[in-house]
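> curious how this folds, go ahead:
(4 chains)
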Protein chains: 4
Amino acid sequence: MAVKYNLDSAKVEKAAREWLSERGVKLEQIAKLVLDAQREYYPQLTEEECLAAVNRVLSKREVQNAVLLGIQLDRLAEAGTLESPLQELIENDEKLFGCDEVLALSIVNVYGSIGFTNYGYLDKLKPGILAKLNDKTDNECHTFLDDLVGAIAASACSYIAHRQQAKAEQERSGDAAVPTLTASTD
Amino acid sequence: MAVKYNLDSAKVEKAAREWLSERGVKLEQIAKLVLDAQREYYPQLTEEECLAAVNRVLSKREVQNAVLLGIQLDRLAEAGTLESPLQELIENDEKLFGCDEVLALSIVNVYGSIGFTNYGYLDKLKPGILAKLNDKTDNECHTFLDDLVGAIAASACSYIAHRQQAKAEQERSGDAAVPTLTASTD
Amino acid sequence: MAVKYNLDSAKVEKAAREWLSERGVKLEQIAKLVLDAQREYYPQLTEEECLAAVNRVLSKREVQNAVLLGIQLDRLAEAGTLESPLQELIENDEKLFGCDEVLALSIVNVYGSIGFTNYGYLDKLKPGILAKLNDKTDNECHTFLDDLVGAIAASACSYIAHRQQAKAEQERSGDAAVPTLTASTD
Amino acid sequence: MAVKYNLDSAKVEKAAREWLSERGVKLEQIAKLVLDAQREYYPQLTEEECLAAVNRVLSKREVQNAVLLGIQLDRLAEAGTLESPLQELIENDEKLFGCDEVLALSIVNVYGSIGFTNYGYLDKLKPGILAKLNDKTDNECHTFLDDLVGAIAASACSYIAHRQQAKAEQERSGDAAVPTLTASTD
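Modelled structure (predicted):
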């Protein structure tokens, strides 16, 4: 190639955020999933903290990669331009096609195994934005996106669990300052 | 060592089944979890088919390994003989200790990614035997076992989904015979 | 839709095998990777047994799904029709883009954790067909395919390890018959 | 229990570091594995940077959990106090027992899928400290530890790849300052 390729990380993150928005997903809607899932454990948790956690998750490259790949596949399936039989597998959200879950797990893994439970729960119950994404009556295809959104929410739940623990330990130690993020809570 | 070591597979499988039983888990109870989770998709599904699926899952070595390791750790934690701070992490089913979910995922993975959702759902709602295992009022420790049982049930759900698909395809093709298990349904 | 969708498993498996062939991968080449990796452990191992193991791995639906998805993405990247920046990430086999490894792992997982080591080793050393797929001097894009082929080979290695163990146990028990495949070796 | 349990994160991290040391693993030895694996990509890389990466990996709770669990199991197997047949599976580092790889993968996952290759490669070739841990002639049991050490090294390799990319992008943008760690490089 004439032009040497160089990875531009800022461009990748920007695209991941824009593509989510273009597909109708607001980060506030993901934050709402997080708040509803975590409120029983942390009654003081605010929507702002949940949104901050979602943003933190989206700053991870592994997450951005999965978001770009999944949304690209949904768009191609929606346009009907994938080759058969892959087109039918994705277009119909075939139950025995699990590559959407595979990509979603690569997001959850970044924040550790404690996120698996929340992911499975959200993916089964499909509250809030997940129900809308999973509505099959229009001509949109969100086979990958609903799993990605569930995985981002589940990862944000893990992040909050780690952070709340750091907060609690800091308070017990008599230090009232807002805790700085340390590596182990990230 | 004087005696050369040789893996005895039958002994490993027998131990995995016995240890589950000794810890109060009946395979019929796992089959019940499977039936309740899958009945909405396959109304004709019977308890016998679910029990057969659970037995199939338990015949896999990867599953046996995880069962033996997890139950051993629960027993040691119950006896209080693990070293601190691992003893406290397991004894108290610490939320930020995720090695139990890690082992459980190694079970679910064997039947593919479509099992993740069922695992997370069961682990969150804790129906049937899972509620009993998760009851913290006695002196038993089931930190690993409840995740293992949920993972075995989720894997059996995957197995059934694959098998029901094979059945449906066979019926469409006009072949009324009970389908033989093929590799792709296993 | 006017025509109801029905999953046709035979069609999916056929497509996975054809797409591999169209992309220049012969199953004999994958079998060769397996033979070279396992010969040190099982000197009697034949190319036929390795090919049978590769075919067994390819009969798994989870494997077929990953093969179809990965090859589709390679083809689209080769045609330059993915959207930026995903197009550049895949076209240049960007080191920090890990979705190819994620898909590959979903293949390896089906035969359990003992395959991870072989996968990583093959992916790093790139012997045989893997070197050809990884050659960047032509205009072909095999960002996903080289990982898929490595994963299929690694899974076939796991399958062989399980099967050889079954053989050895049968011989020790005095039963000279060729062992039937049992679930735990599958 | 009379005394309410509270997770003490500092104690967990301290124990993970001490247990590694007690089992004969120096962080400098892990850093050496990282340097040898990454030097071909980043000729300027120093041992100090590799050691910093290893320390970063060890600051993650998911990693600490796996280290504590794996070393505990090695110690119990060495003392011969696990129950049969688990005792024999671990004591003999049984090839078809994959729970050690499962735990190792939970470490690698935290830094994303690009670490799988390095893990498998290190686990197969066993350079440096890994050869020593894998030496079966003494009475020590390191069935879990060698995989854990390989996984920590592989994760540190991933961390370095992310960080070097951040450095390169900063240099291209004309900013000569030492890059601050951002979330996406962590």
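> interface residues of chain A facing chain B?
Contact residues (C-beta under 8 Å from any C-beta of the partner chain) of chain A with chain B: A:95-96, A:98-99, A:101-102, A:104-105, A:112-114, A:116-125, A:161-162, A:165. Every residue, glycine included, has its C-beta placed from N, CA and C.
> show me which of those residues neighbour chain D.
A:Gly112, A:Ser113, A:His162, A:Gln165.
> any chance of TSV for those, columns distance to A:Ala66, neighbour count and pLDDT?
Output for these, formatted as TSV (distance: C-beta to C-beta, whole Å; neighbours: other C-beta atoms under 10 Å in any protein chain shown; pLDDT from 0 to 100):
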residue	distance to A:Ala66	neighbour count	pLDDT
A:Gly112	16	26	86
A:Ser113	17	25	84
A:His162	21	25	94
A:Gln165	26	20	94
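> and these, which two are the farthest apart?
A:Ser113 and A:Gln165 (15.4 Å; C-beta to C-beta).
> hey, C-alpha coordinates of the least confident helix or strand in chain A by mean pLDDT in CSV?
In chain A, no helix or strand scores lower on mean pLDDT, DSSP states H and E than helix A:115-125, which sits at a mean of 92. Extracted C-alpha coordinates of helix A:115-125, given in CSV (Å, rounded to 0.1, in the frame of the first residue of the first chain):
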residue,chain,number,x,y,z
GLY,A,115,-19.9,-10.0,35.3
PHE,A,116,-21.1,-13.3,33.7
THR,A,117,-24.1,-13.5,36.0
ASN,A,118,-25.3,-10.1,35.2
TYR,A,119,-24.8,-10.6,31.5
GLY,A,120,-26.8,-13.8,31.4
TYR,A,121,-29.6,-12.3,33.5
LEU,A,122,-29.9,-9.1,31.3
ASP,A,123,-29.7,-11.2,28.2
LYS,A,124,-32.6,-13.5,29.4
LEU,A,125,-34.9,-10.8,30.9
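> what sits up against the helix or strand following that helix?
Scanning forward in sequence from helix A:115-125 by DSSP states H and E, the next helix or strand is helix A:129-133. Contact with helix A:129-133 is made by A:24-26, A:29-30, A:32-33, A:122-123, A:142, A:145-146, A:149-150, as judged by C-beta atoms under 8 Å, 6 or more residues apart in numbering or on different chains.
> cool, and stretch A:144-151?
Here stretch A:144-151 has contacts from A:23, A:25, A:30, A:33, A:66-67, A:69-71, A:73-74, A:90, A:100-101, A:103-105, A:107-108, A:115, A:119, A:122-123, A:126, A:129-130, A:133-134, using C-beta under 8 Å, 6+ apart.
> quick one: the helices in chain A?
Using DSSP state H, the helices of chain A run over A:9-22, A:27-38, A:47-58, A:61-79, A:86-91, A:99-110, A:115-125, A:129-133, A:145-172.
> for chain B, state which of the ones next to chain D among the residues of chain A next to chain B is nearest.
Nearest to chain B out of those is A:Ser113 (C-beta to the nearest C-beta; 3.3 Å).
> neighbours of the nearest residue to the closest one once chain neighbours are set aside, just the number please.
Spatial nearest neighbour of A:Ser113, chain neighbours left out: B:Gly98 (3.3 Å); criterion: C-beta to C-beta, 6 or more residues apart in numbering or on different chains. For B:Gly98, the count of nearby residues is 25 (other C-beta atoms under 10 Å in any protein chain shown).
> and the residue nearest to A:Leu20 when sequence neighbours are not counted, how many neighbours?
In space, and not counting its chain neighbours, A:Leu20 is closest to A:Val67: 6.4 Å by C-beta to C-beta, 6+ apart. By other C-beta under 10 Å, the residues close to A:Val67 number 29.
> pLDDT at A:Thr185, what is it?
A:Thr185 carries a pLDDT value of 38.
> still on that earlier bit, the residue nearest to A:Leu20 and A:Glu22 touch, don't they?
No: using C-beta atoms under 8 Å, A:Val67 makes no contact with A:Glu22, being 11.5 Å away.
> deepest-packed of the helices of chain A, please.
The highest mean neighbour count among the helices of chain A, using mean count of other C-beta atoms under 10 Å in any protein chain shown, belongs to helix A:99-110: a mean of 26.
> got the angle for that one vs helix C:61-79?
On the basis of axes from the mean of the first three to the mean of the last three C-alpha atoms, to 10 degrees, helix A:99-110 is oriented at 90 degrees to helix C:61-79.
> distance from the chain centre to helix A:99-110, please.
9 Å (C-alpha atoms, centre = their mean, to the nearest Å).
> one more: stretch A:28-45?
The answer for stretch A:28-45 is 14 Å, by C-alpha atoms, centre = their mean.
> let me know the closest of the ones next to chain D among the residues of chain A next to chain B to A:Lys4.
Looking across these and measuring by C-beta to C-beta, the closest to A:Lys4 is A:Gly112, at 36.8 Å.
> who are the contact partners of that closest one?
With C-beta under 8 Å, 6+ apart, A:Gly112 has these contacts: A:Ser158, B:Gly98, D:Arg61, D:Glu62, D:Ser106, D:Asn109, D:Val110.
> try A:Ser155
Here A:Ser155 is in contact with A:Val57, A:Val63, A:Ile107, A:Val108, A:Val110, A:Tyr111, A:Gly115 (criterion: C-beta under 8 Å, 6+ apart).
> farthest-apart pair in those residues, please.
Across the contacts of A:Ser155 (C-beta to C-beta), the longest gap, 11.9 Å, separates A:Val63 and A:Gly115.
> where does pLDDT dip in chain A?
A:1-3, A:175-186 (pLDDT under 70).
> so how far is D:Leu86 from the most centrally placed residue in it?
The centroid of chain A falls nearest to A:Ile152 when counting by C-alpha atoms, centre = their mean (1.7 Å). As judged by C-beta to C-beta, to the nearest Å, A:Ile152 and D:Leu86 stand 38 Å apart.
> for the ones next to chain D among the residues of chain A next to chain B, which one is nearest chain C?
For these, the nearest to chain C is A:Ser113 (14.5 Å; C-beta to the nearest C-beta).
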